[in-house]
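My questions are about this predicted structure, shown below with the sequence.
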Amino acid sequence: MTSIETGSGSADRVIESFHNAGNTALESVRRFLDTVNGVFPDVSANNGPRQQIIDSAFKMTEELVGTSTQLAQRIVKASQDALGEVDKRAGTLSDRS
């Protein structure tokens with residue numbers, strides 16, 4: 001197995017981990033909203049406490065997912081940069097042979 005194949009497998013595992021974390025976050029929000037719906041009656045007030053709590057939960061989830069996405073992008077970028085450096089060094093060494 002080459003280092004690129006290993007790197008690709010690692011990238012797939014990182015991506016899968018972030019995907020699972022996102023799904024877990026969404027499921028947590030669903031359970032939270034179920035709780036809110038069970039506790040607060042649906043009083044068609046556009047800006048009532050129930051709606052504020054729901055809006056806050058969605059904002060929190062958006063921020064969490066956005067932060068996770070940024071982290072994943074940084075990890076992928078750092079990995080690509082590292083692989084690029086390895087490739088450059090390997091090319092330099094093979095030129096010397």
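Arrived safely.

Could you give me the buried positions within the least confident helix or strand in the chain by mean pLDDT?
Least confident helix or strand of the chain, by mean pLDDT, DSSP states H and E, is helix 3-39 with a mean of 76. Going by neighbour count (16 or more other C-beta atoms under 10 Å), the buried part of helix 3-39 is 11, 18, 22, 29, 36. Every residue, glycine included, has its C-beta placed from N, CA and C.

Go ahead and confirm the second one touches residue 74.
No. Residue 18 is beyond contact range of residue 74, at 11.5 Å (criterion: C-beta atoms under 8 Å).

Tell me which residue is most central in the chain.
The residue lying closest to the centre of the chain (C-alpha atoms, centre = their mean) is residue 68, at 3.3 Å.

who's in contact with that one?
Residues near residue 68 by C-beta atoms under 8 Å, 6 or more residues apart in numbering: 18, 21-22, 25.

if you set the cut-off to 7 Å instead, what comes out?
Counting by C-beta atoms under 7 Å, 6 or more residues apart in numbering, residue 68 touches 18, 21-22.

quick one: secondary structure of it?
Secondary structure for residue 68, judged by DSSP: H, G, I helix; E, B strand; the rest coil, is helix.

Kindly report the same for residue 46.
Three-state call for residue 46 (three-state DSSP): coil.

What count of nearby residues applies to it?
Using other C-beta atoms under 10 Å, residue 46 has 5 other residues around it.

Same check on the one 3 residues further on?
Using other C-beta under 10 Å, residue 49 is surrounded by 12 other residues.

Sweet, I'm off.
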